[in-house]
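Asks: Coordinates for the following, if possible.
(4 chains)
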Number of protein chains: 2
Amino acid sequence: MKLSTKGRYGVRAMLDLAINASENHISLKSIAENQKISEHYLEQLIATLRKAGLVKSIRGAQGGYTLAYPSSQITVGAVLRALEGSLAPVDCVLEDEPYECDISTCCVTKKIWERVRDSINEVVDSITLQDLVDDYRKIHSNDGYMFYI
Amino acid sequence: MKLSTKGRYGVRAMLDLAINASENHISLKSIAENQKISEHYLEQLIATLRKAGLVKSIRGAQGGYTLAYPSSQITVGAVLRALEGSLAPVDCVLEDEPYECDISTCCVTKKIWERVRDSINEVVDSITLQDLVDDYRKIHSNDGYMFYI
DNA sequence: TGAAACCCGAGTAGAAAAGTAGGGATTAAT
DNA sequence: ATTAATCCCTACTTTTCTACTCGGGTTTCA
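Replies: Predicted coordinates for the structure are as follows:
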């Protein structure tokens, strides 16, 4: 029941972008350095986020990435689902294409997993990147990047 | 962010025991057959549940397993945590021995994972095996074992 | 033109999940 | 007492997935 590095790294990368949203765009390299994440690996994660429409890229020299929307409009849930897929704890309660049990109506335990899925989504959808930025600014006064996992 | 088969099989096995709690004890073999789970694999899961004090075993011929407590006193959460360990989505918010980040006070994202962890625990701790038995009886009228995942 | 960036697909080592194998210990029934 | 059913235990294997790495290609600014 663990989140993979995709989700964790992704949220941190997006938070990095949100914190530095004042600058026009940020290079992959600098995010990777700040967050101590393999550059090439992060590239793949950001590519996923771009395809999901959560970040925009600027190509060429001096290029980089920016958030596609204001940080107050991007939830942690959207980031996680883009990278991890559905947050359903078992495949029979996937939101889009639930895996059909042989005898789905008989599946008593399904109710448990639906409730777990919904409660996870509720939490992560209630937190925006801006909330994280606010928390971050409360702790730091522009003293660099210090939010590791 | 998926539950492993340990957790899913474990809950189903415990539900099987709860449904048949009227009989004194049930053999591993019959649970495995009912639930369509490899007998040898289920044996390992039940061993874990026994060591966690959730089921009792009777050895020898005609032996088997029973719940260690009334089904109304065993939560899904207890079963899941016995088999899966902490339901924390990342190691830095494990209840018992949280993985210490280098700079833990600075970890803004930690708050997210704490809230996710707590909400998962809240859901699974609010559901007892008896709740599942009640659901099961609502759907079936003693027509066998039909709750697959 | 060249360097700094983003873009893309394939491959890979290690870890974890899921299950197998094989035997030992206990006990009810005969 | 013997047998068969059952639980108990350790180790091994197979499959899948994670978390990368590799090696390029393309775009754009200076």
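
Asks: How many residues are close by A:Lys6?
Replies: 17 (other C-beta atoms under 10 Å in any protein chain shown). (Glycine included, C-beta is placed from N, CA and C.)

Asks: if I've got this straight, it is in a helix?
Replies: Yes: per DSSP: H, G, I helix; E, B strand; the rest coil, A:Lys6 lies within a helix segment.

Asks: gap between it and A:Leu129?
Replies: Distance of A:Lys6 to A:Leu129, computed by C-beta to C-beta, to the nearest Å: 17 Å.

Asks: So which residue is dead centre in chain A?
Replies: Residue closest to the average C-alpha location in chain A (C-alpha atoms, centre = their mean): A:Val79, at 2.7 Å.

Asks: for it, what are its contacts?
Replies: Residues near A:Val79 by C-beta atoms under 8 Å, 6 or more residues apart in numbering or on different chains: A:Gly7, A:Gly10, A:Val11, A:Met14, A:Leu49, A:Leu54, A:Leu129.

Asks: which one of these sits closest to A:Asp91?
Replies: A:Gly7 (17.6 Å; C-beta to C-beta).

Asks: Most proximal residue of chain A with respect to DNA strand D?
Replies: Going by C-beta to the nearest atom of the strand, DNA strand D is nearest to A:Gly60 of chain A, at 1.9 Å.

Asks: That residue: how many residues sit nearby?
Replies: Considering only other C-beta under 10 Å, A:Gly60 is surrounded by 6 other residues.

Asks: same question, A:Gln35
Replies: A count of nearby residues for A:Gln35, using other C-beta under 10 Å, gives 19.

Asks: Would you agree it is in contact with A:Gly10?
Replies: No: with contact defined as C-beta atoms under 8 Å, A:Gln35 does not reach A:Gly10; the gap is 10.3 Å.

Asks: Is it correct that A:Asp118 falls within a helix?
Replies: Yes: the assignment for A:Asp118 (three-state DSSP) places it in a helix.

Asks: Show the contacting residues for it.
Replies: Counted by C-beta under 8 Å, 6+ apart, A:Asp118 has zero contacts.

Asks: so where do the helices sit in chain A?
Replies: Ranges of helices in chain A, per DSSP state H, are A:5-19, A:28-35, A:39-51, A:76-84, A:110-125, A:129-139.
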